[in-house]
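Undergrad: all I have is the shape, not the residue letters:
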């Protein structure tokens, strides 16, 4: 039974707390200005711990004319039709994609979404000069922390994807995962995963990666749109030049923690909000993403790592252990910049409407000038940005050899993912014939993919004994790379 407020005074007290929270939050960030009714309700409930009805809260929200204007603009945005995309349960497929709309501002964003529950498995905000080794380390971290990997993975053909897709194949090969399933004709079949990449990974264009592409649109409306506009304004006016060290250090020191925090807050809110049933889209599973991810009502397709896979994972982790993907700046540079911000009496508060559109512009200019003078004088300490991990497959192969990872059997274990298992991934493989595979890591392990996918037959599947619902990761565990303490 839902709890009701006992009297008018209690109700008014809750509304006042919500109003104060909205006011204070708006001084710290502009993120709520892109939220709709449902997002706003869950954001206030999660972040402030205040329970106020959606309609009542939204009325308070609309008392601010700027918020109301932003909401109306959001509703007028075009909705892109997506074809139905169904998967049978959690951890059947993880989709990874990169977000490059802030790359010119120096930031790379990667997110991995569980295609059944729409829960964000991890999200990463880092330097824009990351290479394939960054997404590899993100994937290895997540699997190491949770002790499971997805049955299959999905990505586009970007240069950052071959390494982590290859890691998925290595783990599949070390455990020799088997999947037993029954077709519509009641035929019993076995799918074996292994080092053959197409036994556990699906390639396709980013535009067909429906789950993660849809989430990027929501992140755009909720967080990134104003940062994109602001970065363009700085660039167009010459106030930010990405090739100037002082400019990039300033952006990382001042805006990096803000962007990371806003992305983290939005992700936490998303994973805890309720997805309601939609008319004419019965294939969409309704519910709270994290609850759907942890549900016991459908099969959980997580593959729990066996001893061989755990050993292989540890060796791959060791190979990339020295690669820093977390710090935006060198620690000494971060400390120096933090001291300068304290000297400038920077408190992080947004002051007035202009500050929402041009966040802390005056502080940005003053800090940038301080950094430029420091660099010109060659003063101590030396200010720097960590070097990006160099190379892709060659570098990782060298690292693996240095860490003594024994070569995997060259016989290419594993069979192609059956078409009748992935039949719901509609038209994802239409452009396989255009994919050049010579650049993939571990060329001795993988054969060229066929230009056509096996015929698709609708069926239901059941997992083997190596997969189950036990040992599911907790809500806190899944959001691995939010980096709130910046």
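TA: Perfect, thanks for sending it. A quick note: this is a predicted structure, and the numbers were derived from the prediction, not measured.
Undergrad: count of neighbours near residue 11?
TA: Using other CB atoms under 10 Å, the number of residues around residue 11 comes to 15. Where you see a C-beta, it was placed from the backbone N, CA and C, and this is true even at glycine.
Undergrad: try the one 10 residues further on
TA: Here the number of neighbours of residue 21 (other CB under 10 Å) works out to 18.
Undergrad: from residue 271, how far off is it?
TA: To residue 271, residue 21 is 20 Å away according to CB to CB, to the nearest Å.
Undergrad: do the same with residue 145
TA: Taking CB to CB as the measure, residue 145 falls 16 Å from residue 271.
Undergrad: likewise residue 264?
TA: Taking CB to CB as the measure, residue 264 falls 11 Å from residue 271.
Undergrad: likewise for residue 57?
TA: Taking CB to CB as the measure, residue 57 falls 20 Å from residue 271.
Undergrad: how about stretch 236-244: buried residues?
TA: For stretch 236-244, the buried set under the neighbour-count rule, 16 or more other CB atoms under 10 Å, comprises residue 240.
Undergrad: quick one: end-to-end distance for it.
TA: End-to-end distance for stretch 236-244: 15 Å, by CA to CA, to the nearest Å.
Undergrad: same question for that stretch, mean pLDDT?
TA: Mean pLDDT, computed over stretch 236-244, is 95.
Undergrad: which other residues reach that stretch?
TA: 104-106, 231, 234-235, 247-248, 251, 364-365 (CB atoms under 8 Å, 6 or more residues apart in numbering).
Undergrad: rewinding a little: what about residue 145 and residue 271, which has more around it?
TA: Neighbour count, other CB under 10 Å: between residue 145 and residue 271, residue 271 has more, with 24 against 13.
Undergrad: hang on, that one in a helix?
TA: Yes - counting by DSSP: H, G, I helix; E, B strand; the rest coil, residue 271 is located in a helix.
Undergrad: thought residue 287 was touching it, still the case?
TA: No - taking contacts as CB atoms under 8 Å, residue 271 lies outside contact range of residue 287: 11.6 Å.
Undergrad: count of neighbours near residue 164?
TA: Close neighbours of residue 164, defined as other CB under 10 Å, add up to 26.
Undergrad: what sits against it?
TA: 96, 132, 135-136, 138-140, 153, 155.
Undergrad: go through the residues you listed and flag which are in helices.
TA: Taking DSSP state H as the definition of helices, these contribute 132, 135-136, 138-140.
Undergrad: thinking again about what came up before, and the contacts of stretch 236-244 as a markdown table, adding secondary structure, neighbour count and distance to residue 318?
TA: Below are the contacts of stretch 236-244 laid out as a markdown table (DSSP: H, G, I helix; E, B strand; the rest coil; neighbours: other CB atoms under 10 Å; distance: CB to CB, whole Å):
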| residue | secondary structure | neighbour count | distance to residue 318 |
| --- | --- | --- | --- |
| 104 | helix | 14 | 34 |
| 105 | helix | 22 | 33 |
| 106 | coil | 23 | 29 |
| 231 | helix | 22 | 37 |
| 234 | helix | 20 | 40 |
| 235 | helix | 15 | 40 |
| 247 | helix | 20 | 36 |
| 248 | helix | 23 | 31 |
| 251 | helix | 22 | 33 |
| 364 | helix | 21 | 40 |
| 365 | helix | 13 | 44 |
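Undergrad: can you add distance to residue 169 and give those back as a markdown table?
TA: Shown next, in a markdown table, are the contacts of stretch 236-244 (distance: CB to CB, whole Å):
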| residue | distance to residue 169 |
| --- | --- |
| 104 | 33 |
| 105 | 34 |
| 106 | 32 |
| 231 | 37 |
| 234 | 42 |
| 235 | 40 |
| 247 | 41 |
| 248 | 36 |
| 251 | 37 |
| 364 | 45 |
| 365 | 49 |
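Undergrad: let me know the closest of these to residue 307.
TA: The closest of those to residue 307 turns out to be residue 106 (CB to CB; 41.6 Å).
Undergrad: do I have it right that the closest one meets residue 126?
TA: No - Residue 106 sits out of contact with residue 126 when judged by CB under 8 Å, with a separation of 9.7 Å.
Undergrad: tell me, what's touching these two both at once?
TA: Residues touching both residue 106 and residue 126 (CB under 8 Å, 6+ apart): none.
Undergrad: so what's the residue count around residue 9?
TA: With other CB under 10 Å as criterion, residue 9 counts 9.
Undergrad: which residues in the stretch 301-450 of the chain form strands?
TA: 303-304 (DSSP state E, counting those that start in this stretch).
Undergrad: can you check the stretch 101-250 of the chain too?
TA: Using DSSP E, counting those that start in this stretch, the strands found in the stretch 101-250 of the chain span residues 107-114, 120-127, 148-149, 152-155, 178-182, 188-192, 201-203.
Undergrad: in its sheet, what does the fourth one sit against?
TA: It stands for strand 152-155. Using DSSP bridges, strand 152-155 pairs in its sheet with strand 93-99 (parallel), strand 201-203 (parallel).
Undergrad: most packed of the ones you listed?
TA: Most buried of those, by mean neighbour count (mean count of other CB atoms under 10 Å): strand 93-99, with a mean of 24.
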